[in-house]
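Engineer: For reference, the sequence and a predicted model appear below.
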There are 2 protein chains.
Amino acid sequence: MSRNVQARSRILDASVKLIRSKGYTATTVDDLCAEAGVTKGAFFHHFKSKESLGVASAHYWSETTGAVFDAAGYHGYPDPLDRVLGYLDFRKSMLRRQVSEFTCLAGTMVQEMYASSPDILDACCASITDHATKVEMDIATAIERYGIKPAWTANSLALYIQAVLQGAFVLSKAYGDGNVAMDCVDHLRRYVEQLFLKSGQPLQRREA
Amino acid sequence: MSRNVQARSRILDASVKLIRSKGYTATTVDDLCAEAGVTKGAFFHHFKSKESLGVASAHYWSETTGAVFDAAGYHGYPDPLDRVLGYLDFRKSMLRRQVSEFTCLAGTMVQEMYASSPDILDACCASITDHATKVEMDIATAIERYGIKPAWTANSLALYIQAVLQGAFVLSKAYGDGNVAMDCVDHLRRYVEQLFLKSGQPLQRREA
DNA sequence: GCCTGCAAACAAACCAGTTGGTATGTTTGA
DNA sequence: TCAAACATACCAACTGGTTTGTTTGCAGGC
(Lines give C-alpha, C1' and ligand atoms only; values in the text may rest on other atoms or scores of the structure.)
Protein backbone atom coordinates (compact mmCIF):
# COMPACT_ATOMS: atom_id res chain seq x y z
CA MET A 1 0.00 0.00 0.00
CA SER A 2 3.08 2.20 -0.17
CA ARG A 3 4.18 3.04 -3.70
CA ASN A 4 0.95 3.63 -5.46
CA VAL A 5 -2.27 3.18 -3.56
CA GLN A 6 -4.46 3.39 -6.63
CA ALA A 7 -3.01 0.60 -8.76
CA ARG A 8 -5.82 -1.81 -7.93
CA SER A 9 -8.59 0.71 -8.48
CA ARG A 10 -6.96 1.97 -11.67
CA ILE A 11 -7.09 -1.63 -12.97
CA LEU A 12 -10.76 -1.83 -11.96
CA ASP A 13 -11.55 1.45 -13.73
CA ALA A 14 -9.74 0.16 -16.81
CA SER A 15 -11.68 -3.10 -16.66
CA VAL A 16 -15.04 -1.33 -16.64
CA LYS A 17 -14.04 0.84 -19.57
CA LEU A 18 -12.53 -1.93 -21.69
CA ILE A 19 -14.93 -4.78 -20.91
CA ARG A 20 -17.91 -2.51 -21.61
CA SER A 21 -16.63 -1.70 -25.08
CA LYS A 22 -14.77 -4.84 -26.17
CA GLY A 23 -16.26 -7.52 -23.96
CA TYR A 24 -14.49 -9.66 -21.38
CA THR A 25 -12.75 -12.19 -23.63
CA ALA A 26 -11.47 -9.65 -26.14
CA THR A 27 -10.04 -7.55 -23.32
CA THR A 28 -6.54 -8.90 -22.66
CA VAL A 29 -4.55 -8.52 -19.46
CA ASP A 30 -2.05 -6.48 -21.47
CA ASP A 31 -4.85 -4.15 -22.57
CA LEU A 32 -5.88 -3.69 -18.96
CA CYS A 33 -2.33 -3.02 -17.83
CA ALA A 34 -1.74 -0.49 -20.60
CA GLU A 35 -5.01 1.33 -19.88
CA ALA A 36 -4.32 1.37 -16.14
CA GLY A 37 -0.64 2.23 -16.57
CA VAL A 38 0.65 -0.73 -14.57
CA THR A 39 2.72 -3.79 -15.36
CA LYS A 40 1.68 -7.42 -15.49
CA GLY A 41 3.40 -8.01 -12.16
CA ALA A 42 1.15 -5.42 -10.53
CA PHE A 43 -1.92 -6.95 -12.15
CA PHE A 44 -1.26 -10.45 -10.90
CA HIS A 45 -0.24 -9.08 -7.53
CA HIS A 46 -3.73 -7.66 -7.05
CA PHE A 47 -5.77 -10.32 -8.88
CA LYS A 48 -4.89 -13.96 -8.87
CA SER A 49 -6.32 -14.52 -12.36
CA LYS A 50 -8.11 -12.72 -15.16
CA GLU A 51 -11.33 -14.40 -14.06
CA SER A 52 -11.04 -13.07 -10.50
CA LEU A 53 -10.60 -9.60 -12.02
CA GLY A 54 -13.85 -10.21 -13.86
CA VAL A 55 -15.61 -11.00 -10.61
CA ALA A 56 -14.05 -7.99 -8.86
CA SER A 57 -15.02 -5.82 -11.80
CA ALA A 58 -18.68 -6.81 -11.43
CA HIS A 59 -18.59 -6.02 -7.70
CA TYR A 60 -16.88 -2.72 -8.40
CA TRP A 61 -19.55 -1.95 -10.98
CA SER A 62 -22.26 -2.64 -8.42
CA GLU A 63 -20.68 -0.30 -5.90
CA THR A 64 -19.92 2.61 -8.22
CA THR A 65 -23.24 2.60 -10.06
CA GLY A 66 -25.09 1.94 -6.80
CA ALA A 67 -23.59 5.15 -5.43
CA VAL A 68 -24.72 7.09 -8.51
CA PHE A 69 -28.33 5.94 -8.18
CA ASP A 70 -28.37 6.41 -4.40
CA ALA A 71 -27.33 10.01 -4.91
CA ALA A 72 -30.03 10.74 -7.51
CA GLY A 73 -32.80 13.19 -6.64
CA TYR A 74 -35.85 10.99 -7.18
CA HIS A 75 -35.39 9.25 -3.83
CA GLY A 76 -36.68 12.42 -2.18
CA TYR A 77 -40.14 12.23 -3.80
CA PRO A 78 -42.82 11.48 -1.19
CA ASP A 79 -44.97 9.39 -3.57
CA PRO A 80 -43.48 5.90 -4.21
CA LEU A 81 -44.84 5.81 -7.76
CA ASP A 82 -43.14 9.15 -8.36
CA ARG A 83 -39.92 7.54 -7.23
CA VAL A 84 -40.34 4.69 -9.71
CA LEU A 85 -41.15 7.08 -12.55
CA GLY A 86 -38.34 9.36 -11.37
CA TYR A 87 -35.99 6.42 -11.66
CA LEU A 88 -37.09 5.90 -15.27
CA ASP A 89 -36.65 9.59 -16.05
CA PHE A 90 -33.20 9.48 -14.51
CA ARG A 91 -32.28 6.46 -16.61
CA LYS A 92 -33.63 8.17 -19.73
CA SER A 93 -31.50 11.23 -19.02
CA MET A 94 -28.39 9.05 -18.98
CA LEU A 95 -29.13 7.89 -22.54
CA ARG A 96 -28.03 11.25 -23.93
CA ARG A 97 -24.42 10.24 -23.44
CA GLN A 98 -22.24 8.03 -25.66
CA VAL A 99 -23.36 4.39 -25.98
CA SER A 100 -20.21 3.18 -24.25
CA GLU A 101 -21.01 5.42 -21.28
CA PHE A 102 -24.54 4.31 -20.49
CA THR A 103 -24.49 0.57 -21.17
CA CYS A 104 -24.34 -2.01 -18.40
CA LEU A 105 -21.18 -3.94 -17.58
CA ALA A 106 -23.10 -6.71 -15.84
CA GLY A 107 -25.48 -7.22 -18.76
CA THR A 108 -22.62 -7.29 -21.24
CA MET A 109 -20.64 -9.82 -19.24
CA VAL A 110 -23.66 -12.04 -18.58
CA GLN A 111 -24.28 -12.40 -22.30
CA GLU A 112 -20.71 -13.45 -22.89
CA MET A 113 -19.88 -15.51 -19.79
CA TYR A 114 -23.09 -17.23 -18.77
CA ALA A 115 -21.90 -20.60 -20.02
CA SER A 116 -18.20 -20.09 -19.34
CA SER A 117 -17.65 -18.69 -15.86
CA PRO A 118 -20.11 -19.39 -13.03
CA ASP A 119 -18.22 -17.00 -10.73
CA ILE A 120 -18.49 -14.05 -13.09
CA LEU A 121 -22.10 -14.96 -13.83
CA ASP A 122 -22.97 -14.95 -10.12
CA ALA A 123 -21.32 -11.60 -9.56
CA CYS A 124 -23.16 -10.05 -12.54
CA CYS A 125 -26.45 -11.62 -11.51
CA ALA A 126 -26.05 -10.23 -7.99
CA SER A 127 -25.33 -6.79 -9.45
CA ILE A 128 -28.51 -6.79 -11.51
CA THR A 129 -30.62 -8.29 -8.72
CA ASP A 130 -29.38 -5.78 -6.13
CA HIS A 131 -30.20 -2.92 -8.43
CA ALA A 132 -33.63 -4.29 -9.27
CA THR A 133 -34.42 -4.82 -5.60
CA LYS A 134 -34.09 -1.10 -4.86
CA VAL A 135 -36.73 -0.33 -7.49
CA GLU A 136 -38.84 -3.23 -6.26
CA MET A 137 -39.14 -1.60 -2.82
CA ASP A 138 -40.72 1.52 -4.26
CA ILE A 139 -43.00 -0.55 -6.50
CA ALA A 140 -44.19 -2.61 -3.51
CA THR A 141 -44.88 0.56 -1.52
CA ALA A 142 -46.72 2.06 -4.48
CA ILE A 143 -48.94 -1.03 -4.80
CA GLU A 144 -49.96 -0.57 -1.18
CA ARG A 145 -50.34 3.19 -1.33
CA TYR A 146 -52.44 3.11 -4.49
CA GLY A 147 -54.47 0.21 -3.19
CA ILE A 148 -54.30 -1.79 -6.40
CA LYS A 149 -54.59 -5.59 -6.61
CA PRO A 150 -52.31 -6.43 -9.53
CA ALA A 151 -52.03 -9.73 -11.39
CA TRP A 152 -48.26 -9.18 -11.32
CA THR A 153 -45.75 -8.89 -8.46
CA ALA A 154 -43.47 -6.00 -7.52
CA ASN A 155 -40.55 -8.32 -8.19
CA SER A 156 -41.67 -9.20 -11.72
CA LEU A 157 -42.23 -5.55 -12.62
CA ALA A 158 -38.82 -4.59 -11.22
CA LEU A 159 -37.19 -7.30 -13.33
CA TYR A 160 -39.25 -6.27 -16.35
CA ILE A 161 -37.89 -2.74 -15.99
CA GLN A 162 -34.35 -4.11 -15.95
CA ALA A 163 -35.10 -6.29 -18.97
CA VAL A 164 -36.35 -3.30 -20.96
CA LEU A 165 -33.23 -1.34 -20.06
CA GLN A 166 -30.89 -4.20 -20.91
CA GLY A 167 -32.68 -4.76 -24.20
CA ALA A 168 -32.58 -1.04 -24.94
CA PHE A 169 -28.81 -1.18 -24.49
CA VAL A 170 -28.55 -3.99 -27.02
CA LEU A 171 -30.54 -1.98 -29.57
CA SER A 172 -28.48 1.14 -28.82
CA LYS A 173 -25.32 -0.79 -29.58
CA ALA A 174 -26.87 -2.10 -32.79
CA TYR A 175 -27.98 1.35 -33.98
CA GLY A 176 -25.05 3.31 -32.62
CA ASP A 177 -26.91 5.76 -30.43
CA GLY A 178 -29.35 6.01 -27.55
CA ASN A 179 -32.42 7.25 -29.43
CA VAL A 180 -33.99 3.79 -29.65
CA ALA A 181 -33.37 3.33 -25.95
CA MET A 182 -35.13 6.61 -25.13
CA ASP A 183 -38.18 5.49 -27.10
CA CYS A 184 -38.11 2.24 -25.15
CA VAL A 185 -38.08 4.07 -21.82
CA ASP A 186 -41.04 6.14 -23.04
CA HIS A 187 -43.02 2.97 -23.75
CA LEU A 188 -41.99 1.55 -20.38
CA ARG A 189 -43.00 4.70 -18.51
CA ARG A 190 -46.40 4.68 -20.21
CA TYR A 191 -46.88 1.07 -19.14
CA VAL A 192 -45.94 1.71 -15.51
CA GLU A 193 -48.25 4.72 -15.33
CA GLN A 194 -51.04 2.62 -16.80
CA LEU A 195 -50.58 -0.13 -14.22
CA PHE A 196 -51.26 2.28 -11.37
CA LEU A 197 -54.08 4.09 -13.09
CA LYS A 198 -57.23 2.81 -11.42
CA SER A 199 -60.15 2.97 -13.82
CA GLY A 200 -61.90 6.30 -13.43
CA GLN A 201 -59.37 7.64 -10.93
CA PRO A 202 -56.78 9.74 -12.71
CA LEU A 203 -53.21 9.80 -11.49
CA GLN A 204 -52.16 12.94 -9.63
CA ARG A 205 -49.86 15.20 -11.64
CA ARG A 206 -46.09 14.99 -11.29
CA GLU A 207 -43.17 16.77 -12.97
CA ALA A 208 -41.47 15.24 -16.00
CA MET B 1 -19.11 -29.34 -54.45
CA SER B 2 -18.10 -32.97 -54.69
CA ARG B 3 -16.66 -34.49 -51.54
CA ASN B 4 -18.90 -33.19 -48.83
CA VAL B 5 -21.55 -30.68 -49.77
CA GLN B 6 -22.44 -29.87 -46.19
CA ALA B 7 -19.10 -28.70 -44.82
CA ARG B 8 -19.94 -25.03 -45.09
CA SER B 9 -23.36 -25.36 -43.52
CA ARG B 10 -22.02 -27.62 -40.78
CA ILE B 11 -19.58 -24.85 -39.89
CA LEU B 12 -22.44 -22.36 -39.86
CA ASP B 13 -24.52 -24.62 -37.60
CA ALA B 14 -21.52 -25.00 -35.30
CA SER B 15 -21.03 -21.23 -35.25
CA VAL B 16 -24.59 -20.58 -34.14
CA LYS B 17 -24.33 -23.15 -31.39
CA LEU B 18 -20.91 -22.09 -30.09
CA ILE B 19 -21.20 -18.31 -30.46
CA ARG B 20 -24.58 -18.35 -28.73
CA SER B 21 -23.13 -20.10 -25.70
CA LYS B 22 -19.55 -18.86 -25.49
CA GLY B 23 -19.64 -15.63 -27.45
CA TYR B 24 -17.77 -14.78 -30.63
CA THR B 25 -14.31 -14.06 -29.24
CA ALA B 26 -14.19 -17.08 -26.94
CA THR B 27 -15.18 -19.34 -29.82
CA THR B 28 -11.96 -20.33 -31.58
CA VAL B 29 -11.63 -21.52 -35.15
CA ASP B 30 -10.44 -24.85 -33.74
CA ASP B 31 -13.61 -25.07 -31.64
CA LEU B 32 -15.69 -24.49 -34.75
CA CYS B 33 -13.79 -27.08 -36.75
CA ALA B 34 -14.08 -29.69 -33.99
CA GLU B 35 -17.81 -29.05 -33.58
CA ALA B 36 -18.41 -29.17 -37.33
CA GLY B 37 -16.08 -32.13 -37.87
CA VAL B 38 -13.90 -30.38 -40.44
CA THR B 39 -10.28 -29.29 -40.56
CA LYS B 40 -8.82 -25.79 -40.49
CA GLY B 41 -8.09 -26.05 -44.18
CA ALA B 42 -11.76 -26.61 -44.93
CA PHE B 43 -12.72 -23.71 -42.69
CA PHE B 44 -10.47 -21.21 -44.44
CA HIS B 45 -11.49 -22.60 -47.80
CA HIS B 46 -15.10 -21.57 -47.14
CA PHE B 47 -14.49 -18.41 -45.08
CA LYS B 48 -11.64 -16.06 -45.73
CA SER B 49 -11.35 -15.09 -42.07
CA LYS B 50 -12.95 -15.68 -38.70
CA GLU B 51 -14.64 -12.29 -38.99
CA SER B 52 -16.24 -13.19 -42.32
CA LEU B 53 -17.59 -16.34 -40.65
CA GLY B 54 -19.11 -14.04 -38.02
CA VAL B 55 -20.86 -12.04 -40.73
CA ALA B 56 -22.02 -15.20 -42.52
CA SER B 57 -23.25 -16.59 -39.22
CA ALA B 58 -25.46 -13.55 -38.64
CA HIS B 59 -26.93 -13.85 -42.15
CA TYR B 60 -27.48 -17.57 -41.63
CA TRP B 61 -29.20 -16.79 -38.32
CA SER B 62 -31.51 -14.34 -40.08
CA GLU B 63 -32.46 -16.91 -42.69
CA THR B 64 -33.03 -19.88 -40.41
CA THR B 65 -34.96 -18.01 -37.71
CA GLY B 66 -36.84 -16.07 -40.36
CA ALA B 67 -38.07 -19.37 -41.76
CA VAL B 68 -39.23 -20.51 -38.31
CA PHE B 69 -41.30 -17.38 -37.74
CA ASP B 70 -42.66 -17.34 -41.27
CA ALA B 71 -43.96 -20.87 -40.73
CA ALA B 72 -45.67 -20.05 -37.42
CA GLY B 73 -49.44 -20.21 -37.22
CA TYR B 74 -50.24 -16.69 -36.03
CA HIS B 75 -49.78 -15.25 -39.54
CA GLY B 76 -53.13 -16.80 -40.41
CA TYR B 77 -55.13 -14.72 -37.93
CA PRO B 78 -57.40 -12.24 -39.70
CA ASP B 79 -57.06 -9.53 -37.02
CA PRO B 80 -53.67 -7.75 -37.20
CA LEU B 81 -53.62 -7.21 -33.42
CA ASP B 82 -54.19 -10.93 -32.99
CA ARG B 83 -51.16 -11.52 -35.16
CA VAL B 84 -49.03 -9.26 -32.97
CA LEU B 85 -50.27 -10.93 -29.78
CA GLY B 86 -49.89 -14.31 -31.47
CA TYR B 87 -46.29 -13.44 -32.18
CA LEU B 88 -45.76 -12.71 -28.47
CA ASP B 89 -47.44 -15.98 -27.48
CA PHE B 90 -45.25 -17.83 -29.94
CA ARG B 91 -42.15 -16.22 -28.50
CA LYS B 92 -43.29 -17.06 -24.99
CA SER B 93 -43.77 -20.69 -25.95
CA MET B 94 -40.15 -20.85 -27.08
CA LEU B 95 -38.98 -19.85 -23.62
CA ARG B 96 -39.81 -23.31 -22.27
CA ARG B 97 -36.64 -24.65 -23.88
CA GLN B 98 -33.08 -24.44 -22.60
CA VAL B 99 -31.61 -20.94 -22.34
CA SER B 100 -29.03 -21.73 -25.01
CA GLU B 101 -31.82 -22.71 -27.38
CA PHE B 102 -33.99 -19.61 -27.24
CA THR B 103 -31.48 -16.76 -26.97
CA CYS B 104 -30.60 -14.54 -29.92
CA LEU B 105 -27.32 -14.86 -31.79
CA ALA B 106 -27.57 -11.33 -33.17
CA GLY B 107 -28.18 -9.77 -29.76
CA THR B 108 -25.31 -11.70 -28.22
CA MET B 109 -22.88 -10.71 -30.95
CA VAL B 110 -23.96 -7.07 -30.94
CA GLN B 111 -23.13 -6.76 -27.24
CA GLU B 112 -19.69 -8.15 -27.82
CA MET B 113 -18.71 -6.74 -31.20
CA TYR B 114 -20.34 -3.32 -31.45
CA ALA B 115 -17.04 -1.55 -30.92
CA SER B 116 -14.80 -4.13 -32.58
CA SER B 117 -16.24 -5.23 -35.92
CA PRO B 118 -18.44 -2.91 -38.01
CA ASP B 119 -19.14 -5.71 -40.48
CA ILE B 120 -20.47 -8.10 -37.84
CA LEU B 121 -22.38 -5.26 -36.20
CA ASP B 122 -24.08 -4.37 -39.50
CA ALA B 123 -25.07 -7.97 -40.15
CA CYS B 124 -26.52 -8.36 -36.65
CA CYS B 125 -28.30 -5.02 -36.84
CA ALA B 126 -29.85 -6.02 -40.15
CA SER B 127 -31.00 -9.30 -38.63
CA ILE B 128 -32.76 -7.55 -35.75
CA THR B 129 -34.20 -4.83 -37.97
CA ASP B 130 -35.55 -7.28 -40.54
CA HIS B 131 -37.25 -9.28 -37.84
CA ALA B 132 -38.71 -6.19 -36.18
CA THR B 133 -40.02 -4.92 -39.52
CA LYS B 134 -42.23 -7.98 -39.94
CA VAL B 135 -43.93 -7.26 -36.61
CA GLU B 136 -44.09 -3.56 -37.47
CA MET B 137 -46.28 -4.33 -40.48
CA ASP B 138 -48.94 -5.97 -38.34
CA ILE B 139 -48.74 -3.17 -35.78
CA ALA B 140 -49.23 -0.55 -38.49
CA THR B 141 -52.22 -2.43 -39.88
CA ALA B 142 -53.65 -2.77 -36.38
CA ILE B 143 -53.34 0.97 -35.76
CA GLU B 144 -55.40 1.60 -38.88
CA ARG B 145 -57.91 -1.16 -38.26
CA TYR B 146 -58.54 -0.13 -34.65
CA GLY B 147 -58.63 3.52 -35.60
CA ILE B 148 -56.38 4.67 -32.79
CA LYS B 149 -54.22 7.82 -32.89
CA PRO B 150 -51.21 6.80 -30.83
CA ALA B 151 -48.45 9.05 -29.45
CA TRP B 152 -46.02 6.34 -30.57
CA THR B 153 -45.14 4.88 -33.98
CA ALA B 154 -45.48 1.32 -35.21
CA ASN B 155 -41.71 1.29 -35.63
CA SER B 156 -40.99 2.31 -32.05
CA LEU B 157 -43.38 -0.32 -30.67
CA ALA B 158 -41.83 -3.00 -32.87
CA LEU B 159 -38.38 -2.07 -31.60
CA TYR B 160 -39.66 -1.93 -28.04
CA ILE B 161 -40.90 -5.50 -28.40
CA GLN B 162 -37.46 -6.56 -29.59
CA ALA B 163 -35.82 -4.69 -26.72
CA VAL B 164 -37.99 -6.49 -24.17
CA LEU B 165 -37.12 -9.84 -25.72
CA GLN B 166 -33.40 -9.08 -25.87
CA GLY B 167 -33.44 -7.89 -22.28
CA ALA B 168 -35.42 -10.95 -21.23
CA PHE B 169 -32.68 -13.09 -22.76
CA VAL B 170 -30.04 -11.29 -20.69
CA LEU B 171 -32.02 -11.92 -17.49
CA SER B 172 -32.61 -15.55 -18.49
CA LYS B 173 -28.87 -16.04 -18.85
CA ALA B 174 -28.31 -14.38 -15.48
CA TYR B 175 -30.89 -16.55 -13.69
CA GLY B 176 -30.29 -19.73 -15.64
CA ASP B 177 -33.80 -20.32 -16.96
CA GLY B 178 -36.58 -18.75 -18.98
CA ASN B 179 -39.06 -18.04 -16.19
CA VAL B 180 -38.05 -14.39 -15.86
CA ALA B 181 -38.38 -14.02 -19.60
CA MET B 182 -41.91 -15.46 -19.56
CA ASP B 183 -42.94 -12.92 -16.92
CA CYS B 184 -41.46 -10.21 -19.12
CA VAL B 185 -43.49 -11.34 -22.11
CA ASP B 186 -46.61 -11.30 -19.90
CA HIS B 187 -45.94 -7.67 -18.99
CA LEU B 188 -45.27 -6.84 -22.62
CA ARG B 189 -48.48 -8.51 -23.79
CA ARG B 190 -50.50 -6.60 -21.20
CA TYR B 191 -48.97 -3.37 -22.46
CA VAL B 192 -49.69 -4.07 -26.12
CA GLU B 193 -53.30 -5.04 -25.33
CA GLN B 194 -53.67 -1.83 -23.35
CA LEU B 195 -52.39 0.31 -26.22
CA PHE B 196 -55.18 -0.89 -28.50
CA LEU B 197 -57.89 -0.78 -25.86
CA LYS B 198 -59.94 2.28 -26.69
CA SER B 199 -61.48 3.68 -23.50
CA GLY B 200 -64.91 2.13 -22.98
CA GLN B 201 -64.56 -0.22 -25.94
CA PRO B 202 -63.38 -3.65 -24.79
CA LEU B 203 -61.13 -5.71 -26.99
CA GLN B 204 -62.74 -8.64 -28.76
CA ARG B 205 -61.83 -12.01 -27.28
CA ARG B 206 -59.03 -14.09 -28.75
CA GLU B 207 -57.43 -17.42 -27.87
CA ALA B 208 -54.39 -17.57 -25.57
C1' DG C 1 15.64 -7.13 8.06
C1' DC C 2 11.54 -8.35 6.31
C1' DC C 3 7.13 -7.55 4.35
C1' DT C 4 4.35 -4.92 0.83
C1' DG C 5 3.91 -3.20 -3.83
C1' DC C 6 5.54 -3.29 -7.94
C1' DA C 7 8.81 -3.89 -12.34
C1' DA C 8 10.86 -6.63 -16.09
C1' DA C 9 11.88 -10.60 -18.30
C1' DC C 10 10.40 -14.93 -19.27
C1' DA C 11 7.71 -19.32 -20.32
C1' DA C 12 4.24 -22.36 -21.95
C1' DA C 13 0.07 -22.70 -24.20
C1' DC C 14 -2.91 -21.11 -27.59
C1' DC C 15 -4.72 -18.91 -31.74
C1' DA C 16 -5.66 -17.15 -36.52
C1' DG C 17 -4.12 -17.92 -40.62
C1' DT C 18 -0.67 -20.24 -44.28
C1' DT C 19 1.38 -23.64 -47.06
C1' DG C 20 1.69 -27.33 -49.94
C1' DG C 21 -0.50 -31.00 -51.16
C1' DT C 22 -4.39 -34.67 -52.66
C1' DA C 23 -8.75 -36.33 -54.33
C1' DT C 24 -12.65 -35.55 -57.17
C1' DG C 25 -15.16 -33.69 -60.66
C1' DT C 26 -15.70 -30.34 -64.92
C1' DT C 27 -14.45 -27.94 -69.04
C1' DT C 28 -12.19 -27.67 -73.37
C1' DG C 29 -10.38 -28.63 -77.74
C1' DA C 30 -8.13 -31.63 -81.14
C1' DT D 1 -14.20 -39.23 -77.68
C1' DC D 2 -11.19 -38.71 -74.48
C1' DA D 3 -7.36 -36.72 -72.36
C1' DA D 4 -5.07 -32.61 -70.78
C1' DA D 5 -5.97 -28.53 -68.17
C1' DC D 6 -8.46 -26.57 -64.75
C1' DA D 7 -11.47 -25.90 -60.62
C1' DT D 8 -13.32 -27.23 -56.30
C1' DA D 9 -13.23 -29.20 -51.77
C1' DC D 10 -10.61 -30.62 -48.53
C1' DC D 11 -6.53 -32.16 -45.31
C1' DA D 12 -2.27 -32.17 -42.03
C1' DA D 13 1.46 -29.83 -40.57
C1' DC D 14 3.35 -25.65 -39.60
C1' DT D 15 4.27 -20.55 -38.34
C1' DG D 16 4.45 -16.30 -36.15
C1' DG D 17 2.36 -13.70 -33.06
C1' DT D 18 -0.54 -13.35 -28.82
C1' DT D 19 -2.21 -14.63 -24.21
C1' DT D 20 -2.37 -15.85 -19.49
C1' DG D 21 0.38 -16.51 -15.91
C1' DT D 22 5.35 -17.03 -13.36
C1' DT D 23 9.65 -15.84 -11.61
C1' DT D 24 13.00 -13.10 -9.97
C1' DG D 25 14.46 -8.99 -8.14
C1' DC D 26 14.30 -4.48 -6.04
C1' DA D 27 12.80 -0.13 -3.63
C1' DG D 28 11.01 1.73 0.44
C1' DG D 29 8.44 1.80 4.81
C1' DC D 30 7.98 -0.35 9.60
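Structural biologist: That came in fine, so what should we check first?

Engineer: The closest residue to residue A:163 other than its chain neighbours: what's it in contact with?
Structural biologist: Excluding its sequence neighbours, the residue lying closest to residue A:163 (C-beta to C-beta, 6 or more residues apart in numbering or on different chains) is residue B:167, at 3.4 Å. All C-beta atoms are positioned from the backbone trio N, CA, C, and that covers glycine. Counting by C-beta atoms under 8 Å, 6 or more residues apart in numbering or on different chains, residue B:167 makes contact with A:162, A:163, A:164, A:165, A:166, A:167, A:168, A:170, B:184.

Engineer: And for residue A:109, the neighbour number?
Structural biologist: 29 (other C-beta atoms under 10 Å in any protein chain shown).

Engineer: Give me the three-state assignment for it.
Structural biologist: With DSSP: H, G, I helix; E, B strand; the rest coil as the basis, residue A:109 sits in helix.

Engineer: circling back: DNA strand C: which of the contacts of residue B:167 is nearest?
Structural biologist: residue A:170 (23.5 Å; C-beta to the nearest atom of the strand).

Engineer: Do I have it right that the closest one meets residue B:166?
Structural biologist: Yes. Contact criterion C-beta atoms under 8 Å: residue A:170 and residue B:166 qualify, at 4.3 Å.

Engineer: now check the lengthiest helix in chain A, is it near chain B?
Structural biologist: Scanning chain A for the longest helix, with DSSP state H as the assignment, gives helix A:118-146. Yes. Contact of helix A:118-146 with chain B (C-beta under 8 Å from any C-beta of the partner chain) involves A:121, A:124, A:125, A:128, A:129.

Engineer: Help me confirm that the first one comes into contact with residue B:174.
Structural biologist: What it means is residue A:121. Yes. Counting by C-beta under 8 Å, residue A:121 touches residue B:174, with 7.0 Å between them.

Engineer: next one: phi and psi at residue A:192?
Structural biologist: Backbone torsions of residue A:192, given as degrees, to the nearest 10, read phi -60, psi -40.

Engineer: if I look at it, how far off is residue B:161?
Structural biologist: 17 Å (C-beta to C-beta, to the nearest Å).

Engineer: swap in residue A:20?
Structural biologist: In terms of C-beta to C-beta, residue A:20 sits 26 Å off from residue B:161.

Engineer: what's the answer for residue A:122, then?
Structural biologist: Distance from residue A:122 to residue B:161, by C-beta to C-beta: 30 Å.

Engineer: Looking at those two, which one has more neighbours?
Structural biologist: A direct count of neighbours by other C-beta under 10 Å for residue A:122 and residue B:161 places residue B:161 higher, at 27 against 13.

Engineer: Quick check: the more buried one vs residue B:154, distance?
Structural biologist: In terms of C-beta to C-beta, residue B:161 sits 11 Å off from residue B:154.

Engineer: per-residue pLDDT, the residue of chain A found nearest chain B?
Structural biologist: In chain A, the residue that lies nearest chain B is residue A:167 (3.0 Å; C-beta to the nearest C-beta). Confidence at residue A:167, expressed as pLDDT, is 98.

Engineer: give me the element it is part of.
Structural biologist: Using DSSP states H and E, residue A:167 sits within helix A:154-175.

Engineer: So residue A:17 is in contact with residue A:36, correct?
Structural biologist: No. Applying C-beta under 8 Å, one finds residue A:17 not in contact with residue A:36, separated by 9.5 Å.

Engineer: neighbour count winner among the two?
Structural biologist: Between residue A:17 and residue A:36, counted using other C-beta under 10 Å, residue A:36 has the larger neighbour count: 22 against 17.

Engineer: which of the residues in stretch A:46-64 are buried?
Structural biologist: Across stretch A:46-64, burial judged by 16 or more other C-beta atoms under 10 Å in any protein chain shown covers A:46, A:47, A:50, A:53, A:54, A:55, A:56, A:57, A:58, A:60, A:61, A:62.

Engineer: before we move on, the earlier item: overlap of the contact sets of residue A:170 and residue B:166?
Structural biologist: Contacts common to residue A:170 and residue B:166, judged by C-beta under 8 Å, 6+ apart, are residue B:107.

Engineer: Name the nearest residue to the residue most central in space within chain A, ignoring sequence neighbours.
Structural biologist: Of all residues in chain A, the one closest to the mean position by C-alpha atoms, centre = their mean is residue A:104, 5.1 Å from it. Of all residues not flanking residue A:104 in the chain, residue A:169 sits nearest, at 5.9 Å (C-beta to C-beta, 6+ apart).

Engineer: residues contacting that neighbour?
Structural biologist: Counting by C-beta under 8 Å, 6+ apart, residue A:169 has contacts A:102, A:103, A:104, A:107, A:181, B:111.

Engineer: what do you get for residue A:94?
Structural biologist: residue A:102.

Engineer: Look up how far residue A:65 lies from it.
Structural biologist: If you go by C-beta to C-beta, the gap between residue A:94 and residue A:65 works out to 10 Å.

Engineer: swap in residue A:131?
Structural biologist: The value you get for residue A:131 to residue A:65, if C-beta to C-beta is used, is 7 Å.

Engineer: Name the residue in those two with the higher neighbour count.
Structural biologist: For residue A:131 versus residue A:65, neighbours defined as other C-beta under 10 Å are more numerous around residue A:131 (21 against 17).

Engineer: That one: what's it in contact with?
Structural biologist: Residue A:131 neighbours (C-beta under 8 Å, 6+ apart): A:62, A:65, A:66, A:69, A:162.

Engineer: State the pLDDT value of the last one.
Structural biologist: You'll see residue A:162 listed with a pLDDT of 98.

Engineer: can you check the second one too?
Structural biologist: If you check residue A:65, the pLDDT there is 97.

Engineer: Using the three-state scheme, assign it.
Structural biologist: Per three-state DSSP, residue A:65 ends up helix.

Engineer: ok, now residue A:106?
Structural biologist: Under three-state DSSP, residue A:106 comes out as helix.

Engineer: show me what contacts it?
Structural biologist: Neighbours of residue A:106 in contact, by C-beta under 8 Å, 6+ apart: A:58, A:61, A:62, A:123, A:124, A:125, A:127, A:128, B:174.
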